[in-house]
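J.: Here is my input, please return the structure:
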Amino acid sequence: MALSEIDRTLLQRCTERKPRSWNDFVDRFMGLVIHVVNHTAESRSIRLPTQDREDLAAEVFLAILANDFAVLKHFRGQSSLATYLTVIGRRVVVRELLRRKSAARTEGVLDAEVIDNAADREPSAEQRLSDREQVERMLGELDETEADVMRLYHLEGKSYYEISMAIGMPENSVGPLLSRAKSKLREAHANRTVS
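T.: Residues are numbered from 1 along each chain as shown. I've put the predicted structure just below:
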């Protein structure tokens, strides 16, 4: 199936950064991306909690946004946009599932409890405060944006929405950023343990 006129117009609007174009794109392809996430996980016999499913969908959309819509700009229109996005989405999800599996193998014991709370679920206010000292120590191992998001989430108890407003990033990017920060902290912990 060839590229439809609706999708051609949507692609052009996105790459030209027209108002509401990204929202229209997400509205049009959210169902497809969720289907790709579910199908890819199921084909590998992986059961995904809702939060992980949402994080993986956000990773797919972040990949599309990366480098000023490079993925969309490289689309040649030789297939439908849905087919192209299915391939892109599947690649992103497989890569992320493999990365998470690898990170889980290197997970430490002491810092892992604090790190796991960073992105897997929203802990209670009491748990966030008890983690404060370890989180402050670990923030030095992250880049500035990651440290800011971790600080807002763990030390100030902000929600994903509040963080997105404070940092100026899409709300659905907060969870993946916390996941990446968590992975960095796991690697740093593993390196400290090995050294």
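J.: ok, Phe25 - contacts?
T.: Leu10, Cys14, Ile64 (Cβ atoms under 8 Å, 6 or more residues apart in numbering). Backbone N, C-alpha and C define where each C-beta goes, glycine included.
J.: oh sorry, the question was meant for Ala188
T.: Here Ala188 is in contact with Met138, Glu141 (criterion: Cβ under 8 Å, 6+ apart).
J.: need the contacts of Phe25 in a markdown table with pLDDT, neighbour count and secondary structure, can you?
T.: Output for the contacts of Phe25, formatted as a markdown table (pLDDT from 0 to 100; neighbours: other Cβ atoms under 10 Å; DSSP: H, G, I helix; E, B strand; the rest coil):
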| residue | pLDDT | neighbour count | secondary structure |
| --- | --- | --- | --- |
| Leu10 | 90 | 20 | helix |
| Cys14 | 89 | 18 | helix |
| Ile64 | 90 | 21 | helix |
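J.: Let me have the residues you listed in TSV, extended by distance to Ile163.
T.: Shown next, in TSV, are the contacts of Phe25 (distance: Cβ to Cβ, whole Å):
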residue	distance to Ile163
Leu10	29
Cys14	25
Ile64	22
